[in-house]
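# Here is a sequence together with a model predicted from it:
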Amino acid sequence: TLRTATNACEFIAKANQILGHPIEVISGEEEAATIYKGVAHTSGGLGRRLVVDIGGASTEMIIGEGFETKALTSLKMGCVTWLERHFKDRQLTTTNFNNAILAAKEMLDPILAQYTELGWNVCVGASGTVQALQEIMLAQGMDEVITLAKLKRLQKQAMLADHLEELDIEGLTL
């Protein structure tokens, strides 16, 4: 992403010339607040919600109620960065999965107490990653509610392939 790209300034300068409009790179926290506003205006439900957006380079986690955020965080863990960091050998092994899960838990640890104390009534996913998971589950006859049991089931399916290039999961479009 542009927030972490080594050539961000160069890219932005060229893009500004081509587009004829200024490009502003916002912080992860600003992105989280914007994501929450979008979800708050487009989804129903009463009470407090946890919104999760898993992007390529970062994951935004926001707790809010109505149109007001109570907590927002942008974590430097996305589906692409985790793939590059924990599956760089392209192998879908128990060790790689366990390392990825442990690293994610470590990233979440600093916000765990605050988020647990605030609590939430519903969790809403707001990303292509979440949408892809739901499409896989629907293609396999499950409902679209993501649960730990379903994620573990999909992990087992993924591990039937030795390498990423051999991945063949019903509903997954690459």
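In hand now; what should we look at?

# remind me, longest helix of the chain?
helix 94-118 (DSSP state H).

# List of residues touching that one?
48, 50, 61, 63, 70-71, 73, 75-77, 82, 85-87, 89, 155, 159 (Cβ atoms under 8 Å, 6 or more residues apart in numbering). For every residue, glycine as well, the C-beta is placed using N, CA and C.

# I'd like the next helix or strand past that helix.
Tracing the chain C-terminally past helix 94-118 and defining elements by DSSP states H and E, one meets strand 122-125 next.

# And for that following strand, what's in contact with it?
In contact with strand 122-125 (Cβ under 8 Å, 6+ apart) are residues 39, 43, 45, 47-54, 131, 133-134, 146.

# Could you give me the buried positions within that strand?
Using 16 or more other Cβ atoms under 10 Å as the test for burial, strand 122-125 gives 124, 125.

# strands paired with it, and their directions?
strand 48-54 (parallel) (DSSP bridges).

# What is the distance between the helix or strand hosting residue 136 and the centre of its chain?
Using DSSP H and E, residue 136 sits within helix 128-139. Relative to its parent chain, helix 128-139 has a centroid offset of 13 Å by Cα atoms, centre = their mean, to the nearest Å.

# and that helix, what other elements does it pack with?
If you count contacts as 3 or more Cβ pairs under 8 Å, 6 or more residues apart in numbering; DSSP states H and E, helix 128-139 packs onto strand 48-54, strand 122-125, helix 148-158.

# Pick the most buried one from the ones you listed.
strand 48-54 (a mean of 21; mean count of other Cβ atoms under 10 Å).
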